[in-house]
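Enquirer: Show me how the following folds:
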Amino acid sequence: MASQPKGHLLDVYKRQVIISSESDLADDLKQYQYTFHPAQMHQLLYHAKVFIGESITMSAEASFLGTPALCKSSAIAGVMNEQTSMGLYRLFDDEKELVDRANEIFSDPSGKLKITEF
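Expert: Next up is the predicted model:
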């Protein structure tokens, strides 16, 4: 997410973090930059505990692979409303709510939540 304050998600959770961005990353975030071949992205999404981002497309792709997806977006479109109502991913316009939900997922000892529990 753009302009992520230091000491937020990356420092709090001490998890392996990988950032894929269309924009240049700040120097302190470059260590997290996605460096794999683009064809490996779906493999990464499948094995991730959670996808957190601003891309509705990547959120949908993660959820179709069984990975909970939290998307920071206030976009509205028919297909997105249908997918969110089915529990495939969650859209947040409030960053605090997104971070709280990410915390719930990270603290779940069983790993990925089932889509129905999401």
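Enquirer: can we go C-alpha only for contacts and neighbour counts from here?
Expert: OK.
Enquirer: Against which helices or strands is the helix or strand containing residue 58 packed?
Expert: For residue 58, the host element (DSSP states H and E) is helix 56-64. On a contact count with 3 or more Cα pairs under 8 Å, 6 or more residues apart in numbering; DSSP states H and E, helix 56-64 meets helix 41-47, strand 51-53, strand 69-72.
Enquirer: Off-centre distance for it?
Expert: Relative to the centre of its chain, helix 56-64 is centred 9 Å away, using Cα atoms, centre = their mean, to the nearest Å.
Enquirer: Can you point out the buried residues in that helix?
Expert: Buried positions in helix 56-64, judged by neighbour count with 16 or more other Cα atoms under 10 Å: 56, 58-64.
Enquirer: Provide the contact partners of that helix at residue level.
Expert: 42, 45-46, 51-53, 68-71, 73, 83, 88-89, 115 (Cα atoms under 8 Å, 6 or more residues apart in numbering).
Enquirer: tell me the SS of residue 17?
Expert: For residue 17, the assignment made with DSSP: H, G, I helix; E, B strand; the rest coil gives coil.
Enquirer: So it is in contact with residue 31, correct?
Expert: No - look at residue 17 against residue 31 with Cα atoms under 8 Å: they stay out of range, at 9.3 Å.
Enquirer: These two - which one has more neighbours?
Expert: More crowded of residue 17 and residue 31, by other Cα atoms under 10 Å: residue 17, with 16 against 13.
Enquirer: Now do that one against residue 49, distance only.
Expert: 11 Å (Cα to Cα, to the nearest Å).
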